[in-house]
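*Asks:* no FASTA, just this:
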């Protein structure tokens with residue numbers, strides 16, 4: 001049944017239950033991709049309020065899978081019954097059918113890395129190590145070129161203005177995203193004195209954000225799928241406190257993007273089984289470079305003082321270090337000519 005036909009049928013027979021055959025979702029709607037396409041095709045024929053439900057489903061696939069219908073309706077600003085009406089228009093028995101499609105898709109991604117690892121091995125067997133290495137490199141280049149779009153560059157410039165005007169810049173990235181947050185924090189501290197890295201080790205920075213963070217502050221956060229639950233929780237706490245979030249993430253529908261004052265989207269997939277962080281690293285480095293270039297402090301003097309202190313503390317290997325550290329010799333096991 002087409003969207004228009006189903007709409008007419010529901011309008012004429014609102015008090016009459018649809019037949020099981022018309023309510024049962026077709027096999028073609030069992031995948032998230034097919035269901036999303038179907039919603040887009042039906043969108044213009046839906047009643048105005050039902051379109052709000054449809055927009056929520058299209059814009060927030062992760063929330064559809066993990067949140068209850070009532071929670072989703074509250075976020076969308078509509079009654080829960082509207083979510084059910086959307087399901088009826090799509091030929092489903094209820095909204096749980098829609099959620100089940102999205103949940104199945106989320107479950108299938110649980111072993112995404114292992115599936116991609118298998119594909120990586122097969123690809124190497126087909127094209128060889130050199131071609132595979134070139135493929136990974138070219139993929140990273142494509143992601144970097146995508147960052148040069150006018151929209152992305154404009155978002156970066158806006159993000160720098162927010163960061164530069166902040167009293168304190170908190171830096172957050174957990175699990176695989178931690179190196180991005182650490183690098184941003186590390187380089188920024190060469191010239192900025194208002195940087196706080198939120199580090200999971202020993203809960204570093206946690207007490208400070210609980211009691212001191214506010215509307216005058218900003219949070220630099222990197223969070224890429226699969227999203228760290230703890231990172232989302234910490235970012236949510238800071239957002240409620242009025243802290244402005246500058247997010248590096250991979251989707252407009254990510255939980256971090258929904259809370260952010262500025263979102264910078266980066267690509268992540270490559271030929272390897274694990275997602276690349278190259279684009280995220282580059283964005284963090286661009287942000288730091290622009291912050292330094294537009295800073296009101298004497299950046300040259302600050303960086304020189306930091307370098308001087310690091311040299312005096314013996315942090316770096318210098319010309320006076322003429323001898324390499326003595327390595328302990330590992331004795332090789334003596335071979336036995338026989339087992340006797």
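*Replies:* Good, I have the coordinates. The shown structure was predicted, so the numbers you read here are calculated from the model rather than taken from an experiment. Numbering: from 1, shown residues only.
*Asks:* Only C-alpha atoms from now on, for both contacts and neighbour counts.
*Replies:* Will do.
*Asks:* Secondary structure of residue 245: a strand, I assume?
*Replies:* Yes: according to DSSP: H, G, I helix; E, B strand; the rest coil, residue 245 belongs to a strand.
*Asks:* Tell me who's in contact with the residue nearest in space to the middle of the chain.
*Replies:* Centroid-nearest residue in the chain, with Cα atoms, centre = their mean: residue 224, separated by 2.6 Å. The contact partners of residue 224, by Cα atoms under 8 Å, 6 or more residues apart in numbering, come to 177, 248-250.
*Asks:* Tell me where the stretch 201-340 of the chain has strands.
*Replies:* Ranges of strands in the stretch 201-340 of the chain, per DSSP state E, counting those that start in this stretch, are 218-222, 244-249, 262-265.
*Asks:* As CSV, those strands with mean pLDDT and mean neighbour count would be great.
*Replies:* Shown next, in CSV, are those (pLDDT from 0 to 100; neighbours: other Cα atoms under 10 Å):
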stretch, mean pLDDT, mean neighbour count
strand 218-222, 96, 28
strand 244-249, 95, 27
strand 262-265, 93, 22
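*Asks:* Export the ones you listed to a markdown table and append columns for distance to residue 146.
*Replies:* Formatted as a markdown table, the strands of the stretch 201-340 of the chain follow (distance: least, Cα to Cα, whole Å):
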| stretch | distance to residue 146 |
| --- | --- |
| strand 218-222 | 18 |
| strand 244-249 | 14 |
| strand 262-265 | 10 |
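*Asks:* worst-scoring helix or strand of this structure, pLDDT-wise?
*Replies:* Lowest on mean pLDDT, DSSP states H and E among the helices and strands of the chain sits helix 20-23, with a mean of 38.
*Asks:* And the strands in the stretch 51-200 of the chain, which stretches?
*Replies:* Under the criterion DSSP E, counting those that start in this stretch, the stretch 51-200 of the chain contains strands at 169-172, 195-198.
*Asks:* Which of the ones you listed sits closest to residue 278?
*Replies:* Proximity to residue 278, assessed across the strands of the stretch 51-200 of the chain by Cα to Cα, is greatest for strand 169-172 (17.3 Å).
*Asks:* what is the mean pLDDT for that closest one?
*Replies:* Averaging pLDDT along strand 169-172 gives 94.
*Asks:* how distant is it from the center of its chain?
*Replies:* Here the centre of strand 169-172 is set off from its chain's centre by 16 Å, with Cα atoms, centre = their mean, to the nearest Å.
*Asks:* can you list contacts of it?
*Replies:* With contact meaning Cα under 8 Å, 6+ apart, strand 169-172 is reached by 163, 178, 181-182, 184-185, 194-199, 217-222, 231.
*Asks:* redo that, cut-off 6 Å
*Replies:* 181, 195-198, 218-221 (Cα atoms under 6 Å, 6 or more residues apart in numbering).
*Asks:* For residue 154, find the nearest of the strands of the stretch 201-340 of the chain.
*Replies:* Among these, strand 262-265 sits nearest to residue 154 (Cα to Cα), with 9.6 Å.
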